[in-house]
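> Take this sequence and fold it.
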Amino acid sequence: MKKAVIIISLLLCASVASARGIVKHLAVSAAETAVDMSVAHGVNKSIQEGEAAKAAKEAGWTCPQCGQSGNQGNFCINCGSPKPQPAETWECPACHQKGNKGNFCTNCGNPKIPQENVQKLTHE
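Here you go, the predicted structure:
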């Protein structure tokens with residue numbers, strides 16, 4: 001009877017140890033899968049962003065004069081108007097903020113000074 005109890009105890013200990021090993025293995029596998037999925041998501045996101053930029057480029061531009069969309073060249077395929085150019089940026093002479101596009105500095109609020117007047121101020 002004592003041998004049977006000892007054998008059963010050993011089997012239970014072995015089963016518990018085996019179960020712990022299996023649980024540990026499953027936990028490690030789950031963690032590795034989570035990392036793999038995270039990396040895959042980042043790759044997919046960057047591929048999708050690249051495809052979106054490509055699709056936007058392929059879609060072309062819309063003419064501000066007649067509303068024709070899908071223009072690919074430098075002139076509208078419907079009315080012949082030139083492709084709009086990106087807004088010119090300027091540097092504020094007061095605070096040296098770069099990248100201003102409007103008539104006022106986005107940093108200090110000073111008005112845009114025409115380029116010929118800026119040159120006169122710097123050469124005086």
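
> Now do the same contact list for Ser81.
Counting by Cβ atoms under 8 Å, 6 or more residues apart in numbering, Ser81 touches 63-66, 75. No exception for glycine: its C-beta is placed from N, CA and C like everyone else's.

> end-to-end on stretch 103-112?
Terminal residues of stretch 103-112 lie 5 Å apart, using Cα to Cα, to the nearest Å.

> mind listing what's buried in that stretch?
With burial defined by 16 or more other Cβ atoms under 10 Å, the residues of stretch 103-112 counted as buried are 105, 112.

> Out of the contacts of Ser81, grab the one that's most surrounded.
The most crowded member of the contacts of Ser81, judged by other Cβ atoms under 10 Å, is Cys63 (21 neighbours).

> so that residue sits right up against Asn78, yeah?
Yes: applying Cβ atoms under 8 Å, one finds Cys63 in contact with Asn78, separated by 6.6 Å.
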